[in-house]
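Enquirer: Quick one, fold the following:
(chains A and B)
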2 protein chains.
Amino acid sequence: MQELIDRIRREGHVLPGGLLQVDGFLNHVLDPDLTRRMGEAFVERLSSGAEPQVDRILTSEVSGIAPALATSLVVGVPLTFARKTVPTTWTSPLYQADCVSRTKGSRRTLSVSSERLLAGERIWIIDDFLARGETLRALINIVTQAKAELTGVGVVIEKTFEGARQRFTSLDVPIVALAAVDEIHEANEDQAMQIIVRSG
Amino acid sequence: MQELIDRIRREGHVLPGGLLQVDGFLNHVLDPDLTRRMGEAFVERLSSGAEPQVDRILTSEVSGIAPALATSLVVGVPLTFARKTVPTTWTSPLYQADCVSRTKGSRRTLSVSSERLLAGERIWIIDDFLARGETLRALINIVTQAKAELTGVGVVIEKTFEGARQRFTSLDVPIVALAAVDEIHEANEDQAMQIIVRSG
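Expert: Prediction:
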């Protein structure tokens, strides 16, 4: 997705610890046209010209919601977003799985109400980043608990140098990244910040 | 918005402490068609047939993001969502304001990077609920810190019995609710659960 690659090159910031900041269009500000086209790209690439095999989209709060909703709007199926804290209003049994947040540095438990992800549903997981694969692993665990069927994974940005994709080769479902970041380098005395990014 | 009123009547649950659970279309699951029409309704009602006076939409994570993005997609201006935790990737000065979460029962600080809300911008605040007005008050505080101009407020559901609207009469901007919940009653031995809801 060339438009996304251009935005990452122009606006991305490399921060200590191998972190990539893209607040301008993913994690703090949303650009409506770019977000809409992310949804269109996920549907096109996960369907490969055939009828989309999906009954529900699953994502995780917070920054997964926008690309997942954009996808939901194109494909016309509901979206469930896993919560990182369980609201006091929840009374149904939960599907839960732990993951470690890279940007927050803490362990989180993702929770989905058992009423909101149903056995037999075909699920696309859509998220903002694929880095170490912690969130994806937790969401797949939740799909399995629900006895639903994973039929596709879409991430806006894959940080290929984290190597997460290899953890999921046994899944046998398409894993689509709209942009692949192969290398990031912080600015230092000798060189400017560098982001090596290509089509995913 | 009759469709929304019907969904609240059919799917809403009243929980102890005057809480209204609408996980089926706002706080855990999103219905793409309903969410799209929320955005269309906000734009129609906040514009009143004239050119929308808005340069940016402001909301708060988590459940404000979907109705705010739907609005952003219709009106074609960017969306900034205030964060409840400051990501380790943030390096710019922040606009911050405190509020108390009703459903979580804890004090939260909403944060917006000073790069992501600019002086002079005309701002619509869009959120899921107007209950006691804590989040709205904090977001208005952030708009003021940024020297931006509030030109409209839209909430999906106003719990009128909490009386928050009176706190904001001095604002002199339209406050639009897509549905107004006037009374909620928990189920008890003598009566079934009751939700009194009308057009906002």
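Enquirer: where does the residue nearest the centre of chain A land in three-state SS?
Expert: Residue closest to the mean C-alpha point of chain A, counted by C-alpha atoms, centre = their mean, is A:Asp127 at 1.4 Å. Under DSSP: H, G, I helix; E, B strand; the rest coil, the three-state class of A:Asp127 is strand.
Enquirer: That one: what's it in contact with?
Expert: Taking C-beta atoms under 8 Å, 6 or more residues apart in numbering or on different chains, we find A:Asp127 in contact with A:Thr59, A:Ser60, A:Gly64, A:Pro67, A:Ala68, A:Thr135, A:Leu136, A:Leu139, A:Gly154, A:Val155, A:Val156. No exception for glycine: its C-beta is placed from N, CA and C like everyone else's.
Enquirer: ok, 10 Å please
Expert: Residues in contact with A:Asp127 (C-beta atoms under 10 Å, 6 or more residues apart in numbering or on different chains) are A:58-60, A:63-65, A:67-68, A:135-136, A:139, A:153-157.
Enquirer: And those residues, which is closest to chain B?
Expert: Using C-beta to the nearest C-beta, A:Ile65 comes nearest to chain B of the contacts of A:Asp127, at 4.9 Å.
Enquirer: Just the local confidence number for the nearest residue to the closest one once chain neighbours are set aside, please.
Expert: Excluding its sequence neighbours, the residue lying closest to A:Ile65 (C-beta to C-beta, 6 or more residues apart in numbering or on different chains) is B:Ile65, at 4.9 Å. Per-residue pLDDT puts B:Ile65 at 98.
Enquirer: you'd agree A:Ala66 is up against B:Ile65?
Expert: Yes - judged on C-beta atoms under 10 Å, A:Ala66 makes contact with B:Ile65 at a distance of 6.3 Å.
Enquirer: Between those two, which has more neighbouring residues?
Expert: The neighbour count for A:Ala66 versus B:Ile65, taken as other C-beta atoms under 10 Å in any protein chain shown, is higher for A:Ala66 (30 against 26).
Enquirer: Show the contacting residues for the more buried one.
Expert: By C-beta under 10 Å, 6+ apart, A:Ala66 lies in contact with A:25-27, A:30-32, A:34-35, A:38-39, A:59, A:126, A:128, A:156, B:65-66, B:68-69, B:72, B:79, B:81.
Enquirer: Now with 8 Å, please.
Expert: A:Leu26, A:Leu30, A:Thr35, A:Asp128, B:Ile65, B:Leu69.
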